[in-house]
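> Model the structure of this input:
(chains A and B)
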Amino acid sequence: DAMVIQNPRYQVTQFGKPVTLSCSQTLNHNVMYWYQQKSSQAPKLLFHYYDKDFNNEADTPDNFQSRRPNTSFCFLDIRSPGLGDAAMYLCATSRSSGRYEQYFGPGTRLTVT
Amino acid sequence: GENVEQHPSTLSVQEGDSAVIKCTYSDSASNYFPWYKQELGKRPQLIIDIRSNVGEKKDQRIAVTLNKTAKHFSLHITETQPEDSAVYFCAASRGGGADGLTFGKGTHLIIQP
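Residues are numbered from 1 along each chain as shown, chains lettered A, B, ... in the order given. Have a look, this model is predicted:
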């Protein structure tokens, strides 16, 4: 089945230790998104890729970076995680034409110790 | 940027009754309005969406209405069932990969048996 896959599902990292979360998709969608969802809050867009074009949200901290080496894969790098970065990180994909539906992956729950 | 307000934050209804959740948005360029259902620890699941060229859309017990002039849209769930209990998020975007989703803060829907 076509889908959005996120690895790992659970990640524990130490304060200040860089961490990378990954997302892959078999939907061949040209747009990929990263959202941060803290406990009992709504998902918040960090950035998105339209094809190879990177679009950063104005209030996304510099601590968060992203890479999209090809259509299928996208990575979220957190350079120096703080306790406030503990959250569920959701990857989503969509087409840029036709149906706009965003398909979400299962998320990676990040714990910072 | 876009701002989405959602009300109420908690809604408790008797099983079999109807539930209505309302959202307003600020960006007149937004033209895509999805509703997501999220159960605890799971990814958001799209339940219905509407584009700005349509005023109403229905799918079995779920309907969404959109008033583009007033910049508000609503979710209607009829004949509520226990499995409808979850957090519901409205969202808005310009669609087509131009931007990601801006979510409302969510409504915790509780179906009382």
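> make it CA atoms for all contacts and neighbour counts henceforth
Fine.
> The residue nearest to residue B:8 when sequence neighbours are not counted: how many residues sit nearby?
Nearest residue to residue B:8, sequence neighbours excluded (Cα to Cα, 6 or more residues apart in numbering or on different chains): residue B:107, at 6.0 Å. When neighbours are defined as other Cα atoms under 10 Å in any protein chain shown, residue B:107 has 21 of them.
> So residue B:107 sits against residue B:5, correct?
No: between residue B:107 and residue B:5 there is no contact under Cα atoms under 8 Å: 10.9 Å.
> burial of residue 25, as a residue count?
Picking chain A for this. Residue A:25 has 21 nearby residues by other Cα under 10 Å.
> if you could check chain B rather than the one you did, that'd help
Residue B:25 - counted by other Cα under 10 Å - has 24 other residues nearby.
> list the contacts for it?
Residues in contact with residue B:25 (Cα atoms under 8 Å, 6 or more residues apart in numbering or on different chains) are B:2, B:3, B:4, B:5, B:71, B:72, B:92.
> Quick check: phi and psi on residue B:84?
Dihedral angles of residue B:84 (phi, psi; degrees, to the nearest 10) stand at phi -80, psi -10.
> if we can go back for a sec, hmm, which two among the contacts of residue B:25 are most spread apart?
Greatest spacing in the contacts of residue B:25, by Cα to Cα: B:2 and B:72 (13.0 Å).
> okay, the residue nearest to residue B:63 when sequence neighbours are not counted: pLDDT?
With sequence-adjacent residues excluded and distances taken as Cα to Cα, 6+ apart, residue B:63 is closest to residue B:76, at 5.1 Å. Looking at residue B:76, its pLDDT is 98.
> Need the residues that contact the helix or strand hosting residue B:76.
Per DSSP states H and E, residue B:76 falls inside strand B:72-77. The contact list for strand B:72-77, computed with Cα under 8 Å, 6+ apart, reads B:18-25, B:35, B:61-67.
> send the alpha carbons of that strand over as PDB?
The C-alpha trace of strand B:72-77 is given here as PDB (Å, rounded to 0.1, in the frame of the first residue of the first chain):
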ATOM      1  CA  HIS B  72     -16.000  30.700   8.700                       C
ATOM      2  CA  PHE B  73     -16.600  27.000   8.300                       C
ATOM      3  CA  SER B  74     -18.300  24.400  10.400                       C
ATOM      4  CA  LEU B  75     -18.200  20.600  11.000                       C
ATOM      5  CA  HIS B  76     -21.500  18.900  11.600                       C
ATOM      6  CA  ILE B  77     -21.700  15.300  12.900                       C
END
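> How far off centre is that strand?
With Cα atoms, centre = their mean, to the nearest Å as the basis, strand B:72-77 stands 6 Å off its chain's centre.
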